[in-house]
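[1] The following comprises the amino acid sequence and a computationally predicted model.
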Amino acid sequence: MAELTLDRVYQAAHVLKQVAIKTDMVHATRIDTDCDLYLKTTCFIANMSDFAKFNEVYAKYFISKPARSCVEAKLPKGALCEIEAIAEL
């Protein structure tokens with residue numbers, strides 16, 4: 001598979017939309033909807049210097065501020081971020 005070449009803001013938004021879609025909580029085009037059923041997220045970003053930009057995008061989805069851990073990690077295939085989420089369904 002080809003490596004991802006998308007910028008960090010686009011990748012963060014894409015990952016967060018996928019989290020929302022997977023739980024069928026919000027429509028894919030609504031970026032301003034709070035994912036309020038999430039209890040905890042673990043965020044992995046390729047470079048901690050991208051944290052501020054990642055956090056800006058993250059805040060648009062998780063207005064209710066669930067518990068969160070964020071760590072720098074070497075991600076596969078050129079990915080810039082990955083999110084693990086626990087939700088109450």
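    That came in fine, so what should we check first?
[2] Lowest mean pLDDT among the helices and strands of the protein, which one is it?
    Least confident element among the helices and strands of the chain, by mean pLDDT, DSSP states H and E: helix 8-22 (a mean of 74).
[3] if I look at residue 68, how far off is residue 77?
    24 Å (Cβ to Cβ, to the nearest Å). Every residue, glycine included, has its C-beta placed from N, CA and C.
[4] Tell me which of these two has more neighbours.
    Shown here are residue 68 and residue 77; by other Cβ atoms under 10 Å, residue 68 has more neighbours (15 against 8).
[5] OK, contacts around that one?
    The neighbours of residue 68, taking Cβ atoms under 8 Å, 6 or more residues apart in numbering as the test, are 40, 41, 42, 43, 62.
[6] So which of those is the closest to residue 81?
    Among these, residue 43 lies closest to residue 81 (Cβ to Cβ), at 6.7 Å.
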